[in-house]
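> Sequence isn't available, so here's the structure alone:
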């Protein structure tokens, strides 16, 4: 069953079309990787799906509800997503635990004691419970990004959207973040992830979408997209990365 659907999405900034008629379905418990060069539209697509950017045309359905309807309550819709961006976006004046529990308490109205219990359980799971009372500037980049992911999953969202979450990390820290995403996928989370980590997309994703100039040029299982791409543009992209 499709949890998230997009039909004919279009988005332009001035005279530049960034999303050009994209349609996609994301099924429950599916991990889908978005790949493509910088500027291909991956980040804008994720921002449109979460209503952080308005669309010029098309329709977005979340759980069968049209969330692109202008009458929709945007904040209520965004609360159904868990979103993590390239930069951790943690609040520097809050502790790790307060960062993790802020959305639970302020958006989902979970009592503080219950929210902190949930937050500590999740931090313990990723080995960071001892850092719960520290501020983000005392953590490594990998630790901060894992905290950002925990903050996103704390409310048990319907869909997780990850936007190049390893691109701001030093290479030695990438593995610890991707390991957590791998665990979430194995546990049945529904994930749409823009990534430049081709090996990770090949190993973890159930489906890969290749974007070029705001369009989905090719999609399919990782073995097909990486091993036997049908489109010349896909082959050129992967060859340039040495990923084919």
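Here it is on my side, so go on. Note that the structure is predicted; figures quoted are calculated from it, not measured. Residues are numbered from 1 along each chain as shown.
> which SS class is the residue in the chain sticking out farthest from the centre?
Going by Cα atoms, centre = their mean, the residue of the chain most distant from its centre is residue 113, 28.2 Å out. For residue 113, the secondary structure call by DSSP: H, G, I helix; E, B strand; the rest coil comes out as helix.
> Can you pull out the low-pLDDT segments for the chain?
243-244 (pLDDT under 70).
> need the strands for this structure, in chain order.
For the chain, the strands defined by DSSP state E cover 2-13, 16-27, 31-35, 57-62, 65-66, 81-84, 159-163, 191-194, 207-212, 215-220.
> now those in a markdown table, with mean neighbour count?
(Each C-beta comes from the backbone N, C-alpha and C, glycine too.) Shown next, in a markdown table, are the strands of the chain (neighbours: other Cβ atoms under 10 Å):
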| stretch | mean neighbour count |
| --- | --- |
| strand 2-13 | 18 |
| strand 16-27 | 17 |
| strand 31-35 | 25 |
| strand 57-62 | 17 |
| strand 65-66 | 12 |
| strand 81-84 | 23 |
| strand 159-163 | 23 |
| strand 191-194 | 25 |
| strand 207-212 | 23 |
| strand 215-220 | 18 |
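> Between those, which one is closest to residue 185.
strand 31-35 (4.3 Å; Cβ to Cβ).
> Which other helices and strands does the closest one contact?
helix 42-49, strand 191-194, helix 198-204, strand 207-212 (3 or more Cβ pairs under 8 Å, 6 or more residues apart in numbering; DSSP states H and E).
> I'd like the ones you listed as CSV, with distance to residue 105 appended.
Listed next are the helices and strands packed on strand 31-35 as CSV, based on distance: least, Cβ to Cβ, whole Å:
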stretch, distance to residue 105
helix 42-49, 25
strand 191-194, 25
helix 198-204, 32
strand 207-212, 35
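> Between these, which one is closest to residue 133.
Of all the helices and strands packed on strand 31-35, strand 191-194 comes closest under Cβ to Cβ, at 29.7 Å.
> Tell me which strands that closest one pairs with, and in which orientation.
strand 31-35 (parallel), strand 159-163 (parallel) (DSSP bridges).
> Distance to residue 54 added to those strands, as TSV?
Shown next, in TSV, are the strands paired with strand 191-194 (distance: least, Cβ to Cβ, whole Å):
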stretch	distance to residue 54
strand 31-35	20
strand 159-163	17
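> which residues does the spatially closest residue to residue 209 that is not a sequence neighbour contact?
Distances taken as Cβ to Cβ, 6 or more residues apart in numbering put residue 219 closest to residue 209, at 4.4 Å, once the chain neighbours are dropped. For residue 219, the residues meeting the contact criterion (Cβ atoms under 8 Å, 6 or more residues apart in numbering) are 24, 207-210, 225.
> next one: residue 27
Counted by Cβ under 8 Å, 6+ apart, residue 27 has contacts 1-3, 190.
> Just grab the bridge partners of it for me.
residue 2.
> That one and residue 211: what is the separation?
Between residue 27 and residue 211 the distance is 19 Å, computed by Cβ to Cβ, to the nearest Å.
> unless I'm mixing things up, residue 178 is touching residue 197, no?
Yes: Residue 178 is within contact range of residue 197, at 6.5 Å (criterion: Cβ atoms under 8 Å).
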